[in-house]
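Asks: Here is my input; please provide its structure:
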Amino acid sequence: PAPGDYILRLRDVQGQGGEACAYRLRIGRPRPGFALLATPDNPRLARGDSTALTVHAIRRDGFAGPILLSVGSLPDGFAVSEALIPPGQDHARLTITAPPGAPATTFSLAVAGRATIDQGEVFREALPAEEIMQAFSSRHRIPTREMLMAVLEATAFTLAAEVPSGGILELR
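Replies: Sure thing, here's the model as predicted:
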């Protein structure tokens, strides 16, 4: 923010940096914004059923505002819940419900987010991503090429259990 001499130290998180590595440095004013990742990348549901998608926000340069989510390119009769990633939060869930008479099919799905940044409206499409667990503790979201929704035949049966108030349900 002020004129002067500055020192920049750039290190690899594993201490493996060096001349064989490539680095990219951007110096400039902050450019608040966000990117979105949607998981799972291949959601599926049965006719008349619902499925949940989680949309993850990658916030940049101090952007902390709300992000309104939407789903496009749904076939007729499908319903989607309203979803908002609240200010300062990094994810939200939305549900998609297939009508009971939906044909068994597969189709592309488009998830997007809209926010106001610096008095202007910003629109970003969510990249589909696969969530991968590494070493039983860290999770990574790896972007994929396309998000496909599969509508399956309805299941032949459903399970339901009634537990009396204060009772215990024992499963063997």
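Asks: Give me the next element, helix or strand, following the worst-scoring helix or strand of the chain on mean pLDDT.
Replies: Lowest mean confidence among the helices and strands of the chain (mean pLDDT, DSSP states H and E): strand 138-143, at a mean of 86. Downstream of strand 138-143, the first helix or strand assigned by DSSP states H and E is strand 148-152.
Asks: Who does residue 121 form a beta bridge with?
Replies: Beta-bridge pairing for residue 121 (DSSP bridges): residue 116.
Asks: Does it touch residue 68 like I think?
Replies: No: using Cβ atoms under 8 Å, residue 121 is not in contact with residue 68; the gap is 10.0 Å. Heads up, the C-betas are built off the backbone N, CA and C, glycines and all.
Asks: Tell me which of these two has more neighbours.
Replies: residue 68 (16 against 9; other Cβ atoms under 10 Å).
Asks: which secondary structure element contains the more buried one?
Replies: Per DSSP H and E: residue 68 is located in strand 67-72.
Asks: and that strand with strand 148-152, angle?
Replies: On the basis of axes from the mean of the first three to the mean of the last three Cα atoms, to 10 degrees, strand 67-72 is oriented at 60 degrees to strand 148-152.
Asks: Run through who's touching strand 67-72.
Replies: 34, 36, 53, 55, 57, 80, 83-85, 92, 94, 96, 109-115 (Cβ atoms under 8 Å, 6 or more residues apart in numbering).
Asks: same check, this time on stretch 129-147
Replies: So stretch 129-147 is contacted by 37-43, 56, 108-111, 127-128 (Cβ under 8 Å, 6+ apart).
Asks: Give me the buried entries from these.
Replies: Buried members of the contacts of stretch 129-147, scored by 16 or more other Cβ atoms under 10 Å, are 37, 38, 39, 40, 41, 43, 56, 109, 111, 127, 128.
Asks: In TSV: those, plus distance to residue 62 and secondary structure.
Replies: Below are those laid out as TSV (distance: Cβ to Cβ, whole Å; DSSP: H, G, I helix; E, B strand; the rest coil):
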residue	distance to residue 62	secondary structure
37	20	strand
38	23	strand
39	25	strand
40	30	coil
41	29	coil
43	32	coil
56	18	strand
109	31	coil
111	24	strand
127	22	strand
128	27	strand
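Asks: now for these, which pair is the farthest apart?
Replies: 56 and 109 (15.8 Å; Cβ to Cβ).
Asks: Partner strands of the least confident helix or strand of the chain, with direction?
Replies: In the sheet, strand 138-143 lines up against strand 120-134 (antiparallel) (DSSP bridges).
Asks: Mean confidence (pLDDT) on the strand it pairs with, please.
Replies: For strand 120-134, mean pLDDT is 92.
Asks: can you pull the alpha-carbon coordinates of that strand into CSV?
Replies: The C-alpha coordinates for strand 120-134 follow below in CSV (Å, rounded to 0.1, in the frame of the first residue of the first chain):
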residue,chain,number,x,y,z
GLY,A,120,-22.0,-5.2,-10.1
GLU,A,121,-23.7,-8.6,-10.5
VAL,A,122,-21.2,-11.5,-11.0
PHE,A,123,-22.3,-14.9,-12.4
ARG,A,124,-20.2,-18.0,-12.2
GLU,A,125,-20.9,-21.6,-13.4
ALA,A,126,-20.0,-24.3,-10.9
LEU,A,127,-17.5,-26.8,-12.0
PRO,A,128,-18.5,-30.4,-11.3
ALA,A,129,-16.1,-32.1,-8.9
GLU,A,130,-15.4,-35.5,-7.4
GLU,A,131,-14.6,-35.5,-3.7
ILE,A,132,-11.6,-37.8,-2.9
MET,A,133,-10.3,-38.7,0.5
GLN,A,134,-6.5,-39.0,0.9
